[in-house]
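A.B. asks: Pasting the sequence and the predicted model now:
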Amino acid sequence: MKLLDKYNRISLITTILVIIITGVVYYFTISYILTAQVDKDLVVEENEIFDYVKVNQKLPQIFKSDDLKIIFKPAGNETVQRQFINLNYWNDKDHDRESGRSLISSVLVNGTKYHITIIQSTVETEDLIQLIFLITLGIILMLIVVLIIINRLVIRNLWLPFYNMLAQIKLFNLTDHNTISGLQTNIEEFKDMNEEISAMSTRVRRDYEELKSFIENAAHELMTPIAVMNSKLDTLIQTSNFSEKQGELINDVYNTVGKLTRLNKAMLLLTKIENKLINDQEQVSIKTATEDALSQFQEIFAGKELKLHSQLGDVQTSASKAVLDILLNNLLTNAVRHNIPDGDIYVTLNEKELIIKNTGKPDPLDTQQIFQRFHKAPESEGSGLGLTLARQICENYGLTLTYSYAQNLHVFTVGF
Amino acid sequence: MKLLVVEDEAGLRESIREYFAEAGDVCETVKDYPSALQKINVYRYDCIILDITLPGGNGLDLLLTLKQNRFPDGVLIVSAKNALDDRLRGFDLGADDYLTKPFHLSELRARVMAIVRRKSFDGNQLIVFREIQLDVLAKSVLIHNVPIKLTKREYGLLLYFIANKGKVISKNALAEHLWGDGIDMADNFDFIYSHIKNLRKKMIDAGCKDYIYSAYGMGYKFSD
């Protein structure tokens, strides 16, 4: 639930509750006051009757009045309890039954006890109360509408800096160079948050840069000792006669040094591509580059008895030739390395995509993991960086690299 | 050949010197910028093997000095940096070739030989080893003055072997030479074996003596 909705809900429920309670209190207060007013009128009327009886020693004449009805009747010996009651009565003038308030009392005229009923119509009072109720209802509806509008406009405006900030955080990527910028707001909480997040992003990026340059420097520094090892091995094998056993051992050392070199080079290249340090963009033909790469792999295909099926359309792009070659070599190496003897490799190039399919193990690979650094099949002799490099290259050039498994083929697709 | 090795890493410097000296070349070594500057201002070399990061200065400045003085020395840059811009800057300043560390000594020698050959004044682009003649311009091979047909790879192998004659060359070095470092397949040596087998057969069929020897299962040696 959004903050705005939550706030709306709470504020609306509270407002409605308060208005209903106010309405109820209002209703009872007004009824009480109006009833008291009616009662007062009734008492005044009663007093007039008493006064008249005292002076004239007879019951007054009854006049027809709009909203007042007085009834006298002999009470006999019964005692009359003086009281106010609400009742429905027959209004002679309006010719219908309506609600009224009545005072029941008694008076002695020349020793005869009379029962007095004074009734006053309360129709107008009820009309008034009804009106008040309608007005209250109107206010509730109006308040709800106004509140919703205010919340929508004002609250949304108030929270605008927050949403801006959020959008920037969502776009934040360590490898990009866009920073989280300052917000134009005079709300202190947002200002605080903005400053803290800006500072944090700067700090994180600086740490990341340092780590990256550390990796780059470490890889560089390693190159010299590896070069020494390599040259010493080259010198060692010139020295004297070796046995087959010794030759085998030296061969193993050569291979290990070679692997170390390739791993280190891949790491350096990855850092370089991530840092966007390769900027020699030019117009290149992907078709020509792919053909060159395929001809490089020709012997390797033949050696592994792999059949190549290629279908290349003429596609041009703007890229670094060196980086394009690395991408192609990595994808093709991958297709060879994980292939089966007597397998197939399909290379398709069209305006939209470059597709490299290969036969291999009959299980789809884990798409989550294959592009991760140093993730590789247990039997693989590779560095575990090949596909990571390929994906990084694609990301840098705004291309997509996806993996799928269909019809027993592992499919890598570069989308332009 | 007369060479100068400018390299601050002692182990590497010694290995290079030894490798070239054993093949009969004169190889001088210096370990920092000032002594290198002194040498190049006084002596001329067929080829200078130049490291870029040096104590006391940058190797590219040495290259600049050479070019400003119009010294004809060939220059091969060796650097741990494989930064593309480093490489381009080196070429802009007039380096003849560029080799990224780590490299095989046989590769270094093949590159140096190529530079020296290109720079030679007599324009002799013919390499002769006993009955074998290689024309590096036409990329053709004659045995007993009769041309034989070699594939691109076989020709590359033969050239590499002759540049490193008398040396044991590891399979790794051969694989990297043939495929470059672009393809991460250099650990696959079956291809080298079949290329060498074919090359050998073609040469022997043309009446050439077999100069290629397998060395302890880890490499090959070209010698008589």
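C.D. replies: Nice, I can see it. Residues are numbered from 1 along each chain as shown, chains lettered A, B, ... in the order given.
A.B. asks: quick one, what contacts the residue of chain B found nearest chain A?
C.D. replies: Taking CB to the nearest CB, chain A has its nearest neighbour within chain B at B:Tyr216, 3.0 Å off. Backbone N, C-alpha and C define where each C-beta goes, glycine included. Residues in contact with B:Tyr216 (CB atoms under 8 Å, 6 or more residues apart in numbering or on different chains) are A:Ile237, A:Asn241, A:Phe242, A:Ser243, A:Glu244, A:Gln246, A:Gly247, A:Ile250, B:Val168.
A.B. asks: Any chance of the backbone angles for it?
C.D. replies: With angles defined as degrees, to the nearest 10, B:Tyr216 sits at phi 50, psi 30.
A.B. asks: do A:His375 as well
C.D. replies: The phi/psi pair for A:His375 (degrees, to the nearest 10) reads phi -90, psi 120.
A.B. asks: quick one: it and A:Ser383, what's the gap?
C.D. replies: The gap separating A:His375 from A:Ser383 is 11 Å, by CB to CB, to the nearest Å.
A.B. asks: Neighbour count for those two, which is higher?
C.D. replies: A direct count of neighbours by other CB atoms under 10 Å in any protein chain shown for A:His375 and A:Ser383 places A:Ser383 higher, at 20 against 16.
A.B. asks: In chain A, where's the longest helix?
C.D. replies: Ranked by residue count, the top helix of chain A under DSSP state H comes out as helix A:3-56.
A.B. asks: Quick one: list the elements packing against that one.
C.D. replies: Contacts defined by 3 or more CB pairs under 8 Å, 6 or more residues apart in numbering or on different chains; DSSP states H and E place helix A:3-56 against strand A:68-74, strand A:96-109, strand A:112-121, helix A:123-150, helix A:156-171.
A.B. asks: if you compare these, which one is most tucked away?
C.D. replies: Among those, strand A:112-121 has the highest mean neighbour count (mean count of other CB atoms under 10 Å in any protein chain shown), at a mean of 19.
A.B. asks: what packs against that one?
C.D. replies: helix A:3-56, strand A:68-74, strand A:83-91, strand A:96-109.
A.B. asks: circling back: using a markdown table, please lay out the helices and strands packed on helix A:3-56 together with mean pLDDT.
C.D. replies: What follows is the helices and strands packed on helix A:3-56, written out as a markdown table (pLDDT from 0 to 100):
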| stretch | mean pLDDT |
| --- | --- |
| strand A:68-74 | 84 |
| strand A:96-109 | 85 |
| strand A:112-121 | 86 |
| helix A:123-150 | 83 |
| helix A:156-171 | 85 |
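A.B. asks: if we can go back for a sec, what does the pLDDT read for the residue of chain B closest to chain A?
C.D. replies: For B:Tyr216, the pLDDT comes out at 84.
A.B. asks: And it, how close does it get to A:Tyr254?
C.D. replies: Look at B:Tyr216 and A:Tyr254: by CB to CB, they are 12 Å apart.
A.B. asks: cool, A:Ala390 as well?
C.D. replies: Going from A:Ala390 to A:Tyr254 by CB to CB gives 27 Å.
A.B. asks: where does the chain have low pLDDT?
C.D. replies: No chain was given, so I picked chain A. Within chain A, the segments meeting pLDDT under 70 span A:64, A:66, A:93-94, A:175, A:177, A:277, A:279, A:381.
A.B. asks: Switch to chain B, please.
C.D. replies: Scanning chain B with the threshold set as pLDDT under 70 gives B:82-90, B:121-123, B:181-188.
A.B. asks: hey, where'd the strands end up in it?
C.D. replies: For chain B, strands defined by DSSP state E occupy the ranges B:2-6, B:26-30, B:47-51, B:53-54, B:57-58, B:74-79, B:97-100, B:126-129, B:132-135, B:140-143, B:146-148, B:168-170, B:212-215, B:219-222.
A.B. asks: just to revisit the earlier point, can I get the helices and strands packed on strand A:112-121 in JSON lines with distance to A:Asp325?
C.D. replies: JSON lines is the format used below for the helices and strands packed on strand A:112-121 (distance: least, CB to CB, whole Å):
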{"stretch": "helix A:3-56", "distance to A:Asp325": "52"}
{"stretch": "strand A:68-74", "distance to A:Asp325": "110"}
{"stretch": "strand A:83-91", "distance to A:Asp325": "101"}
{"stretch": "strand A:96-109", "distance to A:Asp325": "99"}
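A.B. asks: out of those, which comes closest to A:Lys191?
C.D. replies: helix A:3-56 (18.7 Å; CB to CB).
A.B. asks: That closest one to strand A:112-121, inter-axis angle?
C.D. replies: 150 degrees (axes from the mean of the first three to the mean of the last three CA atoms, to 10 degrees).
A.B. asks: How far off centre is helix A:3-56?
C.D. replies: Mean C-alpha position of helix A:3-56 versus that of the full chain (CA atoms, centre = their mean, to the nearest Å) differs by 49 Å.
A.B. asks: Please apply the same query to stretch A:189-204.
C.D. replies: Relative to the centre of its chain, stretch A:189-204 is centred 21 Å away, using CA atoms, centre = their mean.
A.B. asks: picking up where we left off before, quick check: which of the helices and strands packed on strand A:112-121 is nearest to A:Asn178?
C.D. replies: Closest approach to A:Asn178 among the helices and strands packed on strand A:112-121 (CB to CB): helix A:3-56, 26.7 Å.
A.B. asks: Give me the distance between B:Asn164 and B:Ala173.
C.D. replies: Counting by CB to CB, the separation of B:Asn164 from B:Ala173 is 9 Å.
A.B. asks: Give me the common contacts of these two.
C.D. replies: Counting by CB under 8 Å, 6+ apart, the shared contacts of B:Asn164 and B:Ala173 are B:Ser106.
A.B. asks: Then A:Ser310 would be within a helix, right?
C.D. replies: No: read with DSSP: H, G, I helix; E, B strand; the rest coil, A:Ser310 is strand and lies in no helix.
A.B. asks: Just give the nearest non-adjacent residue to it, would you?
C.D. replies: Sequence neighbours aside, A:Val347 is the residue nearest to A:Ser310 in space, at 4.3 Å (criterion: CB to CB, 6 or more residues apart in numbering or on different chains).
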